[in-house]
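**Q** Here is a sequence with its predicted model. Questions after.
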Amino acid sequence: MTSTSGLVAIARIPLVRNTAALVLNTGINGVLGLAYWIAAARLYEPATVGLGAGAVSGLLFVASLGWIGLQQVLLRFLPVAGSAAGRLIVGVYGTAIAIALLGGLAFLAFARTQPGLSFLTETGGSALGFLTAVVIWVVFSLQDPALIAIGRAAWVPLENLAFGAAKLLLLVAFTGLAGPWAILGSWILGAGWLVIVVTIAIRRRIASGPPAVLGLRRIARFALGQHAVAVLVAAPDSLVPLIVLGLLGDESTAFYYAAWTISFSIRLLAVNLGSAVTVEGARRGSTMPDPHHIRRLVGLVVVPAVAVALLAAGFVMSIYGPRYAAAGTDLLRLLILAVVPFTGLTLFVVGERIAERVGASLAVVGLTTVLTLAIDVVFLPRIGLIAAGWAMLIAQSSGFLLGRAIGRSRAG
């Protein structure tokens, strides 16, 4: 009886409850993401999958230029915004879309010169379709942090379950197109209808009461710093597939993307834990939650997931097909190992974010990004696809060690 009451008490802790919902969301994304790319590998030629993956990477990168830092504004300030929540959401959405569209125009100019991406600029309609996709993805990406911040983290798994299922069904339905637009289109149409549904739901449930006096200058300073940090963190995820495409070709990009998708799903456990910690820290008045709870969640969630994924790496890659398994299994193991230092690095950045500091975070994530891209550019042509795995592991470990050194210097 005491054990049961203790479990109930733990489940009522907001950090634990939100983390549980986001872990469920990660599991759903991981399973459906795996199913999606397995279906793509089975239904489409590797060259088509590679081109589609390159286009998706470009879309995610361009959209991330707009939203990925501003999501932290929602997580940090929306829980305490009161009746100013609506204005805060609109301001964040509008700013993110404007930034992403500027990035989209620059990316289309780049795509025109790249054989693997030129299909995005074949006609004015193609270019307009890509820019529309950018807007949809920016809003779709900001909906999760908005839901978490208003206390509706339990809705996030449902939203992503609907997205993953719709995306997979559309991929199958578009098989007759047999081109990269089938892959890109399944992502955007799968997200588009949810943008409408979730936006309506958020509007109906934003907080009431007196508006908080947050200060535009404070929010702007926080947003600029966190945006720089977040763009640096996300850059390798979007740029490495493009580097692989340029240096090793479209089939290698397909193999890389399959391994990256699996490892990224595990990495999202750390990202989602960080989001839950950020919201709880905001509600506690810019104070980190109990470190004991955080360490326990890491031990219960991240560590077992990494261990299981390492053991299952060969089997999972074989589901894609023998060519994927041969090219991607060792790569996947290295990408999974990199999740361990990534988790420590993420929690360091979260602590800096809650304290509204940015300098140390920029130093740490800047190091990881520069190392990742530099190792890829130098060693992909020399040792092949496995270089991308070593780049991620070395870079994340270096960033984690730098973060630990900074923390110890402050404590000393």
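**A** That came through, no problem. Numbering: from 1, shown residues only.

**Q** Report how many residues lie close to G176.
**A** 7 (other C-beta atoms under 10 Å). Every residue, glycine included, has its C-beta placed from N, CA and C.

**Q** which strands and helices sit next to the helix or strand containing I375?
**A** When elements are assigned from DSSP states H and E, I375 belongs to helix 359-383. When contacts are defined as 3 or more C-beta pairs under 8 Å, 6 or more residues apart in numbering; DSSP states H and E, helix 359-383 sits against helix 216-248, helix 339-354, helix 386-411.

**Q** ok, of the ones you listed, where does mean pLDDT dip lowest?
**A** Note on the helices and strands packed on helix 359-383: helix 216-248 shows the lowest mean pLDDT, a mean of 84.

**Q** Please list all residues in contact with A35.
**A** Shown in contact with A35 (C-beta atoms under 8 Å, 6 or more residues apart in numbering): G164, L168.

**Q** and if we set it to 10 Å?
**A** G164, A165, K167, L168, L171, I319 (C-beta atoms under 10 Å, 6 or more residues apart in numbering).

**Q** Read off the pLDDT value for the most centrally placed residue in the chain.
**A** For the chain, the residue lying nearest the average C-alpha position, counting by C-alpha atoms, centre = their mean, turns out to be L268 (6.7 Å). Model confidence at L268, given as pLDDT, is 84.

**Q** okay, the helices and strands packed on helix 359-383, which one's buried deepest?
**A** helix 339-354 (a mean of 23; mean count of other C-beta atoms under 10 Å).

**Q** From what I see, the residue nearest to the centre of the chain and D237 are in contact.
**A** No: counting by C-beta atoms under 10 Å, L268 does not reach D237; the two are 11.1 Å apart.

**Q** Look up the closest residue to F400, ignoring the ones flanking it.
**A** Nearest residue to F400, sequence neighbours excluded (C-beta to C-beta, 6 or more residues apart in numbering): P341, at 3.8 Å.

**Q** Next, count neighbours for A98.
**A** A98 has 12 nearby residues by other C-beta under 10 Å.

**Q** Name all residues that make contact with the nearest residue to it once chain neighbours are set aside.
**A** In space, and not counting its chain neighbours, A98 is closest to G66: 7.4 Å by C-beta to C-beta, 6+ apart. By C-beta under 10 Å, 6+ apart, the contact set of G66 is 92-104, 134-135, 137-139, 141-142, 227, 231.

**Q** tell me the SS of G66?
**A** Per DSSP: H, G, I helix; E, B strand; the rest coil, the secondary structure class of G66 is helix.
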